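# The amino acid sequence is not available; the structure is as follows:
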C-alpha cells in the first residue's frame, strides 16, 4: 500500500515539475526506460517491440531485442538527464534524454537504425532516420514492419505478429 501511495504522490506532484529527471536508467524496451523512479518513453522515436523481428539474410532476427541492447549500451553506467516534454495517453512521461556528454539518446538509436522517427508525434529525428536508411544501419539492412504497423497487426491477430512471413514485411 505504501508503494501505491508513494507512486500516486509522485504522479500527482509531477504536473507542476519542470526540473529534469536525472539518474541511471533501467531499460524496459527499445524506447522506454526508468529514470529517477519514473517511467519514461523516449520522445520522438518508436522502437520495435521486444518480440518483433526483421528479415535479413534469409532469416528472422530479433530487432526488438537488438533495440533493447542498443539502448542498454547507450545508457550503461551513465547518469542521464531527461527533459520531460509531455505525458502520453498511457500516463507515461515522454522525455528527451541525454548522456553526460550531451548525446541525445533518441537520436542515437534512430541513427543506428534500431528505432524510427515517430512522425506522428515529432519530426525531430527524420534526418537521423534518413541517414540510417541510406547507410543500411540496424533494421534498414533488411526488411521490417514499422513498429506502429506491427502493433496494429499483432492486435488484430490477437497474438504475437513476430511470426509474420517475410514476404508480408516490407522495407519500410
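Right, received. Where do you want to start? Quantities reported herein were computed from a predicted structural model and do not represent experimental measurements.
# Point out where this structure drops to low pLDDT.
Residues of the chain meeting the criterion pLDDT under 70: 1-18, 159-172.
# Nearest the middle, which residue of it would you pick?
Geometric centre of the chain, nearest residue: residue 31, 1.7 Å, by CA atoms, centre = their mean.
# For that one, which non-adjacent residue is spatially closest?
Of all residues not flanking residue 31 in the chain, residue 47 sits nearest, at 4.0 Å (CB to CB, 6 or more residues apart in numbering). C-beta here means a position set from N, CA and C on the backbone, and glycine is covered the same way.
# pretty sure the one you found is touching residue 69, no?
No - if you go by CB atoms under 8 Å, residue 47 and residue 69 don't touch, sitting 11.1 Å apart.
# Confirm that residue 129 sits in a helix.
Yes - using DSSP: H, G, I helix; E, B strand; the rest coil, the assignment for residue 129 is a helix.
# for it, what are its contacts?
Contacts for residue 129 (CB atoms under 8 Å, 6 or more residues apart in numbering) come out as 110-111, 116-117.
# give me that answer again for 10 Å
The contact partners of residue 129, by CB atoms under 10 Å, 6 or more residues apart in numbering, come to 45, 107, 110-111, 113, 115-119, 123, 140, 172.
# Mark which of the residues you listed are part of strands, please.
45, 116-117 (DSSP state E).
# out of these, which one sits closest to residue 128?
residue 117 (6.9 Å; CB to CB).
# Now do the phi/psi pair for residue 133.
When read as degrees, to the nearest 10, the backbone of residue 133 gives phi -60, psi -50.
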